[in-house]
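Asker: Take a look and give me a structure for this.
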Amino acid sequence: MQFKVGDKVLFLNEKGGGVVTRVEDEQIVHVAVEDGFEIPYAVTDLIKAGNMEEDRPLTAPKRPTPAKDEKTAGLYILPHQTEDISTGVYLAMVPRNQDQVLASAMDFFLLNHTGYRVSFALFINKSGNFYGKATGAMDPGTRHHLGKVERTDIEEWAHAMLQTLFFREGKTELLPPAADYIVFKPVKIYKEESFTFSPMLHQKAMTISVTAPGKQKERQTAEVDVPDSVKHMKEEEEERNTHKPVSERKSKGILEKHMVGDNIAEIDLHIVELTDNTINMTNADMLNMQMDYVKRCLEEARKQHISKLVFIHGVGNGTLKQALLKMFKNTEGLEYFDAPYARYGMGATEVKLYRSGSHQ
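Answerer: You can find the predicted model right below:
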């Protein structure tokens, strides 16, 4: 269904309705609701109100008047239903198709749930190298639309860096700037439970806390708190080039950390889960490491009589999945098929192992 500015709409998944104030694209429109806020909605969550009898007119929200040089694209006023959300700056991933949260492309937002004006610089991480992605400023209680992100690009955001400055007019506490990694496991976007209804967005979203006013001040040193998964980015060149996988640094069985049941292992094959360092690694190097890890998992599963493995490979360009299917096809004593879509989307393959190559 197509909408245009001025259309009266009703919400399919919640009470109430509003007026379309802006059409962002074929999938997202912005609706002014009765309390005066403008909220983005997927068109699949709306229906035209027709000749609905009006109790009172709905008007578009008043936006703050920016300075002439301020970028206002993607700036939206947050609803008041955020009182139960901890103060801070968040990254939110909103599936464009709310009925297909495991397969849909996503809109990314920065949420400023603080009492400060936040200036930010965002850098995504491509194989250990940082690239400037966005910069801007958000008034208190607003959000900034970072754009549409395909699932094939999700790993670039898994260890992104956000630098922030907090400002408040008049007498205020002087807060140091913050620099924080945005850390999450890419596999989470393939799990239904990762997407919950967000009162800050009025949609299902995966929301990640990034920073809060005064966070840097609370730390014991002025150094940035670097996650274990990216510490090797700062080491000497010879150590960075070892490409030593996590499995070789662990003395325990390779499948121990992957067990999700008595006889089931779930293995995330995203490269950031297999090694802390991808500096100078080619795509072929990464694929070789992933395939070697799969072989080790299969060998360990046979030794420990584990009969079910789920390999999470993501969607991507399909190279890893095709390599896996070729390996499984040429390996005796197992069968393989797509893992349950409701839990993993299209990003995982399930393997069942049989003793002595026979089905039991």
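
Asker: Run through the residues that contact residue 194.
Answerer: By Cβ atoms under 8 Å, 6 or more residues apart in numbering, residue 194 lies in contact with 188, 206. (Each C-beta comes from the backbone N, C-alpha and C, glycine too.)

Asker: Ramachandran coordinates for it?
Answerer: Backbone torsions of residue 194, given as degrees, to the nearest 10, read phi -70, psi -20.

Asker: For residue 207, see how far away it is.
Answerer: Taking Cβ to Cβ, to the nearest Å as the measure, residue 194 falls 10 Å from residue 207.

Asker: Equivalent analysis for residue 142, please.
Answerer: According to Cβ to Cβ, residue 142 and residue 207 sit 16 Å apart.

Asker: So which residues make contact with the longest helix along the chain?
Answerer: Secondary structure of the chain per DSSP state H: the longest helix is helix 283-304. Contacts to helix 283-304, defined as Cβ under 8 Å, 6+ apart, come from residues 243, 245, 247, 253-255, 258, 265, 267, 269, 271, 274-275, 278, 281, 306-307, 309, 311, 313, 319-320, 323-324, 327, 331, 333-334, 351, 353.

Asker: now with 6 Å?
Answerer: 245, 253-255, 267, 269, 271, 274, 309, 320, 323, 353 (Cβ atoms under 6 Å, 6 or more residues apart in numbering).

Asker: which regions of this protein lie under the pLDDT threshold?
Answerer: Where the chain drops to pLDDT under 70, the residues are 1, 13-15, 34-37, 50-85, 216-252, 356-360.

Asker: Domain-wise, how is it divided?
Answerer: 1-62, 63-218, 228-357 (automatic domain parsing).

Asker: in the protein, which residue is closest to the centre?
Answerer: residue 93 (5.3 Å; Cα atoms, centre = their mean).

Asker: which residues does that residue bridge with?
Answerer: Beta-bridge pairing for residue 93 (DSSP bridges): residue 108, residue 206.

Asker: tell me the contacts of it?
Answerer: Neighbours of residue 93 in contact, by Cβ under 6 Å, 6+ apart: 106, 108, 206.

Asker: Pipe the residues you listed into CSV and attach distance to residue 344 and neighbour count per row.
Answerer: Putting the contacts of residue 93 into CSV (distance: Cβ to Cβ, whole Å; neighbours: other Cβ atoms under 10 Å) gives the following:
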residue, distance to residue 344, neighbour count
106, 17, 24
108, 22, 19
206, 15, 20
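
Asker: possible to save those residues as CSV with distance to residue 87?
Answerer: CSV is the format used below for the contacts of residue 93 (distance: Cβ to Cβ, whole Å):
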residue, distance to residue 87
106, 25
108, 21
206, 20
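
Asker: which one among those gets closest to residue 339?
Answerer: Distance to residue 339 across those (Cβ to Cβ) is lowest for residue 206, with 19.5 Å.

Asker: re the thing from before, how close does the residue nearest to the centre of the chain get to residue 160?
Answerer: Residue 93 is 12 Å from residue 160, where distance means Cβ to Cβ.

Asker: what does residue 151 give?
Answerer: Residue 151 sits 16 Å away from residue 160, going by Cβ to Cβ.

Asker: Ok, residue 322 next?
Answerer: For residue 322, the distance to residue 160 equals 28 Å [Cβ to Cβ].

Asker: Tell me which of the two has more neighbours.
Answerer: residue 160 (20 against 11; other Cβ atoms under 10 Å).

Asker: quick one: contacts for that one?
Answerer: 124-125, 182.

Asker: what's the neighbour count on residue 327?
Answerer: By the criterion of other Cβ under 10 Å, residue 327 has 16 neighbours.

Asker: What separation is there between it and residue 294?
Answerer: Distance, residue 327 to residue 294, using Cβ to Cβ: 7 Å.

Asker: Return the distance of the residue lying closest to residue 187 once chain neighbours are set aside relative to residue 195.
Answerer: In this structure, residue 187 finds its nearest non-sequential neighbour in residue 268, 4.6 Å apart by Cβ to Cβ, 6 or more residues apart in numbering. From residue 268 across to residue 195, the span is 18 Å (Cβ to Cβ).

Asker: now the helices: where do they sit in the chain?
Answerer: 215-218, 237-240, 246-249, 271-274, 283-304, 319-329, 341-344.

Asker: Tell me, how many residues neighbour residue 263?
Answerer: 11.

Asker: Please apply the same query to residue 209.
Answerer: Residue 209: 15 surrounding residues under other Cβ under 10 Å.

Asker: check contacts around it.
Answerer: Applying Cβ under 6 Å, 6+ apart, the residues contacting residue 209 are 88, 90.

Asker: rerun at 10 Å
Answerer: Neighbour list for residue 209: 85-86, 88-91, 111, 113, 180, 182 [criterion: Cβ atoms under 10 Å, 6 or more residues apart in numbering].

Asker: Relative to residue 38, which of those is nearest.
Answerer: Closest to residue 38, out of all of the contacts of residue 209 and judged by Cβ to Cβ, is residue 111, at 14.9 Å.

Asker: Between its first and last residues, how far does stretch 336-346 reach?
Answerer: Length of stretch 336-346, first residue to last, Cα to Cα, to the nearest Å: 14 Å.

Asker: same deal with stretch 310-323?
Answerer: From its first residue to its last, stretch 310-323 covers 15 Å (Cα to Cα).
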